[in-house]
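**Student:** here are the coordinates; sequence isn't available:
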């Protein structure tokens, strides 16, 4: 069934106390209930993409990721600090803009976002069973049960569950009593590259590369040896063999 996208052209979002963005108003109120409707900001979406990357080796289908979200860009920041977001048609994975991602939850049970959650859940289980030596293989049901319990706890305490938390709970899931090294999920080298870039960015471009480095004790010793060699060459001529024989007599 094609998406009813013609009426979904804009939405207004506010930053909540939990530092997540929530929808205040939307252009298609008939299909969308804004009560507790969150939207994923660019920083969060980038983090999700980084968590998804290791799943590529386990059969990630990018078209499922693409179909799961509507993409929005910032059109205006209003006086009350809410932001007006306009629909954009760029690929949510390849766009150069700062993308706000609204999951397609029009059909919560069988829609594109539900398919996306099912897909990354299966791949996360594959990854965990591949990297951790369990006594018996971890199952999808075990992961879903733990996440469901956490969501129910939030609901009982009156906290709305944000899409970002729902997705990262799956992508970061590790059973209690086990752990994964960052290198296992291919995030180690990236972290090292980030640190290197940060160090390079802090280098002052105006620093004189020919500036003398303060000498340590080893360098001072080398300088003294060079000075002694120069003095010796200036004051000492090669000894004449006849002079040496006379001196011996």
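**Tutor:** Everything's here; your move. Since this is a predicted model, take the numbers as computed values, not measurements. Numbers count the residues shown, from 1 in each chain.

**Student:** can you pull out the low-pLDDT segments for this protein?
**Tutor:** Of all residues in the chain, those with pLDDT under 70 make up the ranges 1-6, 182-249.

**Student:** what's in contact with the strand of greatest length in it?
**Tutor:** When the chain is parsed with DSSP state E, its longest strand is strand 69-77. Residues from elsewhere that reach strand 69-77 (CB atoms under 8 Å, 6 or more residues apart in numbering): 5, 8, 10-11, 39-40, 83-92, 95, 97-104, 113. In this view, the C-beta of every residue, glycine as well, is placed from N, C-alpha and C.

**Student:** quick one: buried residues of that strand?
**Tutor:** For strand 69-77, a neighbour-count test (16 or more other CB atoms under 10 Å) marks 69, 70, 71, 72, 74 as buried.

**Student:** related to what we said a few turns ago, list buried residues within the contacts of strand 69-77.
**Tutor:** Members of those that pass the buried threshold by neighbour count (16+ other CB under 10 Å) are listed as 8, 11, 39-40, 83, 85, 87-88, 92, 99-104, 113.

**Student:** ok, of these, which one's closest to residue 165?
**Tutor:** When these are ranked by distance to residue 165 (CB to CB), residue 40 comes first, at 10.3 Å.

**Student:** tell me the phi and psi of that closest one?
**Tutor:** Dihedral angles of residue 40 (phi, psi; degrees, to the nearest 10) stand at phi -90, psi 130.

**Student:** list the contacts for the nearest residue to it once chain neighbours are set aside?
**Tutor:** Once flanking residues are discounted, residue 40 sits nearest to residue 101: 4.2 Å by CB to CB, 6 or more residues apart in numbering. Residues near residue 101 by CB under 8 Å, 6+ apart: 39, 40, 45, 69, 70, 71, 72, 92.

**Student:** all good on my end, thank you.
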